[in-house]
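Undergrad: Okay, sequence plus prediction incoming.
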Amino acid sequence: KMEGMMHMVPAQDVYSRKEKSLSNLCENFLQIFGAASAPHDHINLDAAAERLLVERRRIYDIVNVLESVGLVERRAKNLYVYRGPENVTATVEALAAEAAAEEAGGAGAGGAAGAA
């Protein structure tokens with residue numbers, strides 16, 4: 001019964017899946033909308049999904065990561081602006097400082113709560 005249901009995935013489908021990995025999509029997204037764009041160029045996510053031949057939810061996966069490091073910024077529904085790589089260093093430094101402050105505050109807050 002199960003033998004009839006199981007089948008081999010053609011090599012072509014495996015390659016296609018690898019081609020659409022998040023890291024490859026992110027690289028392609030940046031090649032199209034990053035390198036060719038000046039900072040503050042607008043990116044329509046529907047157009048990006050169409051151009052990269054993926055579902056819009058995959059584009060959201062990419063822009064969420066890029067937004068977290070300061071490469072893109074949301075302006076409206078389905079509309080982002082490219083900020084450029086110069087913002088990445090400042091964003092990473094701010095995140096590191098925030099993490100250090102939380103670590104320091106977490107230890108101090110726990111002690112203060114225990115004392116009260």
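TA: Sure thing, it's come through. Residues are numbered from 1 along each chain as shown.

Undergrad: Low-confidence bits of this protein, can you list those?
TA: Scanning the chain with the threshold set as pLDDT under 70 gives 1-20, 35-40, 106-116.

Undergrad: can you pull out the strands in it?
TA: 42-44, 72-76, 79-82 (DSSP state E).

Undergrad: strands paired with the shortest one, and their directions?
TA: With DSSP bridges as the criterion, the sheet partners recorded for strand 42-44 are strand 79-82 (antiparallel).

Undergrad: cool, the second one as well?
TA: Each strand paired with strand 72-76, and its direction, by DSSP bridges: strand 79-82 (antiparallel).

Undergrad: Now the strand it pairs with - C-alpha only, CSV.
TA: Provided in CSV are the C-alpha atoms of strand 79-82 (Å, rounded to 0.1, in the frame of the first residue of the first chain):
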residue,chain,number,x,y,z
LEU,A,79,6.1,49.0,1.1
TYR,A,80,9.6,49.2,2.5
VAL,A,81,12.5,51.6,1.9
TYR,A,82,16.1,50.5,1.4
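
Undergrad: Which residues belonging to that strand are considered buried?
TA: Y80, V81, Y82 (16 or more other CB atoms under 10 Å). In short, each C-beta sits where N, CA and C put it, glycine included.
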